[in-house]
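> can't give you the sequence, but here's the structure:
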């Protein structure tokens with residue numbers, strides 16, 4: 001089946017504000033494999049660039065599992081540009097600060113203001129969201145502009161045609177395939193030519209949601225909701241992150257701990273043992289004990305790491321990867337979904353210039369050249385926090401805490417209207433490092449794509465002919 005004709009697309013008016021109103025002179029038929037955050041964002045952006053999009057999703061219904069996710073300014077500025085600002089305000093929590101605490105007594109050893117400081121510095125807010133809310137708003141944005149097919153599990157890919165075969169036997173063809181199928185990507189193997197080789201990090205993560213009303217009923221816990229901060233308790237071999245989401249209706253907990261299981265499955269939905277979870281954090285602060293007593297059930301997620309891929313593009317130039325399928329992130333920096341959203345924005349922007357099929361491969365390389373270094377650097381900074389947060393008590397932990405305290409004292413001076421007097425570059429609190437924050441949060445995916453095109457676009461377009469502007473006839477095939 002031709003991806004272009006595989007379903008009807010809504011006649012909802014298309015916004016003309018993206019990509020300076022530019023739409024591709026040649027609309028391509030594009031398959032997006034996977035209907036997660038990255039897949040939906042890619043579908044939306046490519047549709048706004050003028051292309052015909054079909055999403056193939058293995059699940060029988062559209063939805064998302066998981067709990068908290070962070071929409072930092074590099075993401076929120078894109079979401080607001082896509083018209084999702086009101087939804088962010090409705091379901092999100094505007095984070096006011098990061099608070100780093102000792103595992104035994106809740107002593108605050110590090111603190112970084114966010115809130116209005118972030119707004120002023122980067123021109124976009126920092127939100128805490130429930131992953132399902134985030135997914136829902138992207139689905140609502142993308143659905144009018146693409147065909148979303150559920151029960152469409154991809155079992156094989158022919159990157160040269162290109163086409164995919166579904167579990168049903170149906171073959172779906174297109175001009176271009178985008179693999180947005182996550183950590184356990186089917187499409188990744190066709191690009192790197194060998195099986196996926198994840199490495200155990202030695203960590204796993206319990207995840208849980210607590211109704212915020214239960215914290216608000218306890219004088220010792222209610223500040224965790226009311227202050228709208230992200231709290232990070234650092235301890236030997238593990239750490240705990242807690243913050244409010246869902247318009248302050250729920251409290252999200254992610255609890256990193258040593259992974260002691262043999263052969264555990266890498267899964268977001270694996271059930272955990274609440275009693276074992278409580279035992280893991282025995283000896284942690286009274287606040288932690290109170291929080292854990294409120295957890296009715298938990299999921300246990302085995303954390304695996306992967307080396308950066310040498311390329312995200314198949315040699316035949318008709319299959320490329322996006323998001324976790326090509327640069328899966330450990331959760332220690334909370335930038336995994338951000339990188340996928342940025343990928344999507346760049347991909348849509350670059351492909352708004354498409355006027356000929358021979359441009360597909362050069363445009364894909366433009367996308368990769370814009371995204372590869374940034375995504376890879378973010379992968380590495382995410383891994384660094386595992387080392388920073390999990391130090392056993394002793395000299396190295398004391399040095400870390402001393403660094404964080406110095407950064408906190410400097411932030412408090414600035415909050416009082418005084419001058420910063422402390423060099424924050426390389427600080428153990430990566431969020432206090434102004435240079436790192438500027439790189440991470442100041443990034444505008446559309447602006448970077450536009451700048452790249454001004455510098456390189458005319459040269460790229462001279463490499464390919466400018467003919468054959470009519471959509472190609474793609475043949476249907478069913479097994």
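Arrived safely. Predicted, not measured: the structure shown is a model, and the values here were computed from it.
> buried ones in stretch 53-68?
Residues of stretch 53-68 classed as buried: 53, 54, 55, 56, 57, 58, 64, 66, 67, 68 (neighbour count, 16 or more other C-beta atoms under 10 Å). For glycine as for every other residue, the C-beta is placed from the backbone atoms N, C-alpha and C.
> and these, which of them are in strands?
Of the buried residues of stretch 53-68, the ones assigned to strands by DSSP state E are 53, 54, 55, 56, 68.
> closest one of those to residue 76?
residue 68 (15.3 Å; C-beta to C-beta).
> the closest one contacts residue 251, correct?
No. Taking contacts as C-beta atoms under 8 Å, residue 68 lies outside contact range of residue 251: 9.1 Å.
> which two among the ones in strands among the buried residues of stretch 53-68 are spaced furthest apart?
54 and 68 (30.7 Å).
> give me the residue at the spatial middle of this structure.
Taking C-alpha atoms, centre = their mean, the centroid of the chain lies closest to residue 337, which sits 0.6 Å from it.
> so who does that one touch?
Contact partners of residue 337, counting by C-beta atoms under 8 Å, 6 or more residues apart in numbering, are 37, 38, 69, 70, 71, 75, 131, 134.
> in CSV, list the ones in strands among the buried residues of stretch 53-68 along with pLDDT.
Formatted as CSV, these follow (pLDDT from 0 to 100):
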residue, pLDDT
53, 98
54, 98
55, 98
56, 97
68, 90
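> ok, back up a step: shared neighbours of residue 68 and residue 251, anything?
Joint contacts of residue 68 and residue 251 (C-beta under 8 Å, 6+ apart) are 243, 245.
> state the distance from residue 401 to residue 333.
Taking C-beta to C-beta, to the nearest Å as the measure, residue 401 falls 20 Å from residue 333.
> what helix or strand is residue 385 on?
Following DSSP states H and E, one finds residue 385 within helix 360-389.
> who has more neighbours out of residue 401 and residue 333?
Taking neighbours as other C-beta atoms under 10 Å, residue 401 and residue 333 compare with residue 333 leading, 24 against 19.
> what sits against the residue nearest to the more buried one when sequence neighbours are not counted?
Once flanking residues are discounted, residue 333 sits nearest to residue 382: 3.9 Å by C-beta to C-beta, 6 or more residues apart in numbering. In this structure, residue 382 makes contact with 329, 330, 331, 332, 333, 335, 336, judged by C-beta under 8 Å, 6+ apart.
> give me that answer again for 10 Å
Residue 382 is in contact with 305, 328, 329, 330, 331, 332, 333, 334, 335, 336, 339, 430, counting by C-beta atoms under 10 Å, 6 or more residues apart in numbering.
> where are the low-confidence patches of the stretch 351-479 of the chain?
Counting by pLDDT under 70, the ranges of the stretch 351-479 of the chain that qualify are 462-479.
> that one: strands as residue ranges?
Counting by DSSP state E, counting those that start in this stretch, the stretch 351-479 of the chain has strands at residues 477-478.
> equivalent analysis for the stretch 201-350 of the chain, please.
Here the stretch 201-350 of the chain has its strands, by DSSP E, counting those that start in this stretch, at 229-235, 238-245, 250-258, 299-305, 319-321.
> nearest to residue 455, of the ones you listed?
Of all the strands of the stretch 201-350 of the chain, strand 319-321 comes closest under C-beta to C-beta, at 21.5 Å.
> what is the burial count for residue 95?
22.
> my guess is it contacts residue 115. True?
Yes. Using C-beta atoms under 10 Å, residue 95 is in contact with residue 115, at 6.9 Å.
> so residue 165 sits against residue 154, correct?
Yes. Using C-beta under 10 Å, residue 165 is in contact with residue 154, at 7.3 Å.
> cool, thanks, signing off.
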